[in-house]
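Peer 1: Next one to model:
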Amino acid sequence: MAERGAHLTTAAAENRPSIFEVLAQDSLMSAVKPALQHAVQILAESNPGRYGILWRNFDEIYVILDLLLQHHFLSRTSASFSENFYGLKRVGADSIRPAHQGLRRRQHLRSLLLLALLPYLRTKLEKVLARQRDEDDFSIRLPQSLAQKMYRAFLAAYPYVCMTWNGWTFFHQLLYIFGKTQTHSPLLWLAGIKLSYLTAHDVRSLDLKPAVPALSPSQSIGEKLQRVFSTVVGGVAVSLSTSLSLGVFFLQFLEWWYSSENQSTIKSLTSLPTPPPPLHLEDQDSSPTHTKVCPLCKKMRTNDTALATSGYVFCYRCIFVYVKANHRCPLTGYPSELQHLIKIYSPEG
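Peer 2: Numbers count the residues shown, from 1 in each chain. Presented below is the predicted three-dimensional model:
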């Protein structure tokens, strides 16, 4: 049995990484984004006025940082951030270049597109799909135009497209295990590159730090700004790469701690006892009419709907329009989405 599975962990004659190494580098960046997103969410909930913009535009901020990081490593090491962390590099199918020279321009642009922009577009599309499903649950179907019908047909077909893509990826990984293909992922196949180990010459070339020439007075302002920007981005990327060796364990721990399978354990450890009910409620002078006023339109509520993030009750139409446009509670400023709306069914209704 051991002899039959030896090819899964040993490199082939063409210096091909094992399936475990390539899957480990794939999972590295997938652990970074949820941890960073959770940290931003905590900041936004603690101070919505100051940090709420970070939460509302998290996807855009993350993709910009990801593009800068991946561009730096592709230019300096011919590998993405996670691939370089595991001692791998990207090589073209036609020729092999030294790692410190970076990829060719076409391969570089394809890699950036598939590493950063494609996951961003998929994330935005999945959010649009989730909002569309929520709106379908609370809205009335009206006559639709041809464009709207095509849009809904695409959203309905999207889960099947994802299922086909995941099946293709799994089949590609099986072919990689048995040595029938040079790439473990369809994304690498589309980019026209494959993964390989860093050679001893590559490691020596990457360890050498060439002297950076000083800024010349004859250079234009644009060239000077480009040099300074490149230096700053390179310093941030190198610092992140150096500190990630200690941060990987912490990121994996956060991913496990906030996973759905561990939520029951978290609640049992962190839940506080239920406080006693407040006393003398019957003595307080609270007008029943005032408690049924919508905080947005200042009129009697119709179709009562509670916002789960804050607990306030509004008219359904008022809070639906507000949350859809602002993505937060109108009274507390807590980040909110349409799925946080809860319909209240009163006995009088």
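Peer 1: so where's the stretch 1-150 of the chain shaky on pLDDT?
Peer 2: 1-14, 93-96, 134-144 (pLDDT under 70).
Peer 1: Now the closest residue to Ala44 other than its chain neighbours: which helix or strand?
Peer 2: Excluding its sequence neighbours, the residue lying closest to Ala44 (C-beta to C-beta, 6 or more residues apart in numbering) is Trp55, at 3.6 Å. Where C-beta positions appear, they are placed from N, C-alpha and C, glycine not excepted. Taking DSSP states H and E as the definition, Trp55 sits inside helix 48-56.
Peer 1: Please work out which residues outside that helix touch it.
Peer 2: Val40, Gln41, Leu43, Ala44, Ile61, His327, Arg328, Thr332, Gly333, Tyr334, Pro335 (C-beta atoms under 8 Å, 6 or more residues apart in numbering).
Peer 1: Based on its surroundings, how many neighbours for the first one?
Peer 2: If I follow you right, that is Val40. 20 (other C-beta atoms under 10 Å).
Peer 1: which ones are touching it?
Peer 2: By C-beta under 8 Å, 6+ apart, the contact list for Val40 reads Tyr51, Leu54, Trp55, Phe58.
Peer 1: do you know how far the nearest residue to it once chain neighbours are set aside is from Leu65?
Peer 2: With C-beta to C-beta, 6+ apart as the criterion, Val40 has its nearest non-adjacent residue at 5.1 Å, and that residue is Leu54. According to C-beta to C-beta, to the nearest Å, Leu54 and Leu65 sit 12 Å apart.
Peer 1: Thr183 - that's part of a helix, no?
Peer 2: No - counting by DSSP: H, G, I helix; E, B strand; the rest coil, Thr183 is not part of a helix but coil.
Peer 1: how many other residues sit next to it?
Peer 2: Using other C-beta under 10 Å, Thr183 has 21 other residues around it.
Peer 1: list the contacts for it?
Peer 2: Here Thr183 is in contact with His172, Tyr176, Trp189, Ile193, Lys194, Leu195 (criterion: C-beta under 8 Å, 6+ apart).
Peer 1: Relative to Ala191, how far out is it?
Peer 2: 9 Å.
Peer 1: now Val161
Peer 2: For Val161, the distance to Ala191 - C-beta to C-beta - is 20 Å.
Peer 1: Could you check which of those two has the larger neighbour count?
Peer 2: Ala191 (23 against 11).
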